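Engineer: Sequence first, then the predicted structure, then my questions.
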Amino acid sequence: MEYNSREAILEVLGKRVQHQRINEGLEPEDVAEMTGLTAPTIRNIENGSETLLSNFIAVCLAINMHPRDVMDIELIIKPFIELSEPRKEKTRLTKRINDFIKDNYFEEERTAKDVVNEMTVNYKAKTTTSAVSVILNRKVVEGNLKTKKKGKVKVYRNK
């Protein structure tokens with residue numbers, strides 16, 4: 001069976017942990033002592049509740065089972081929530097600006113409006129100066145570009 005919801009996946013993993021614990025002849029209190037967690041936390045994991053990855057690993061080790069063996073289940077490989085169109089567009093925009101940086105487009109001082117115009121010419125992209133400015137300012141913080149003011153307008157240039 002393939003699983004595609006968080007709840008179903010956690011329930012299956014929890015049952016595997018519980019089954020292994022029982023096979024090892026351990027009580028939740030035993031596992032709690034061996035992990036430094038509480039018995040209710042162990043029961044919650046076994047019942048499919050959310051848990052920290054470190055707690056999950058500690059429980060797996062205590063019950064003598066490798067975490068990969070617990071996690072070896074059939075999954076539908078797709079995100080629980082699809083990426084929204086606005087987020088996809090921001091990702092495309094960021095990649096294109098990264099390409100401009102790599103191709104030395106910012107060897108000369110450029111404004112956000114210059115970048116928007118270049119996007120329109122090269123990619124037929126429809127974007128705004130504010131969307132571009134957000135990404136360019138992030139590139140300044142990351143150390144990929146530097147900026148200064150020319151009058152009221154920010155200009156960007158390679159470092």
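Structural biologist: Received it, and whenever you're ready, just let me know what you need.
Engineer: Pop the domain breakdown of this protein in here.
Structural biologist: Listed by automatic domain parsing, the domain ranges of the chain are 6-71, 85-158.
Engineer: where's the most centrally placed residue in the chain, which helix or strand?
Structural biologist: Central residue of the chain (C-alpha atoms, centre = their mean): Pro79, 11.0 Å from the mean position. Using DSSP states H and E, Pro79 sits within no helix or strand.
Engineer: got it, and Val155?
Structural biologist: Assigned by DSSP H and E, Val155 belongs to strand 153-158.
Engineer: can you check Val140 too?
Structural biologist: Per DSSP H and E, Val140 falls inside helix 129-142.
Engineer: before we move on, back to that, buried ones in the strand holding Val155?
Structural biologist: Neighbour-count burial for strand 153-158 flags Lys154, Val155, Tyr156 (criterion: 16 or more other C-beta atoms under 10 Å). Just so you know, the C-beta spots here come from the backbone N, C-alpha and C atoms, and that holds for glycine as well.
Engineer: What of stretch 18-29?
Structural biologist: Gln18, Gln20, Arg21, Leu26, Pro28.
Engineer: before we move on, what about stretch 72-82?
Structural biologist: Within stretch 72-82, no residue counts as buried by 16+ other C-beta under 10 Å.
Engineer: Please apply the same query to stretch 127-142.
Structural biologist: Judged by neighbour count (16+ other C-beta under 10 Å), stretch 127-142 contains these buried residues: Thr127, Ala131, Val132, Ser133, Ile135, Leu136, Lys139, Val140.
Engineer: so which of those would you say is closest to Ile42?
Structural biologist: Ile135 (45.5 Å; C-beta to C-beta).
Engineer: so the closest one sits right up against Leu93, yeah?
Structural biologist: Yes. Counting by C-beta atoms under 8 Å, Leu93 is a contact partner of Ile135 at 6.1 Å.
Engineer: Which stretch among the domains of the chain is buried most, on average?
Structural biologist: domain 6-71 (a mean of 16; mean count of other C-beta atoms under 10 Å).
Engineer: So what's the gap between that domain and the chain middle?
Structural biologist: Relative to its chain's centre, domain 6-71 lies at 24 Å (C-alpha atoms, centre = their mean, to the nearest Å).
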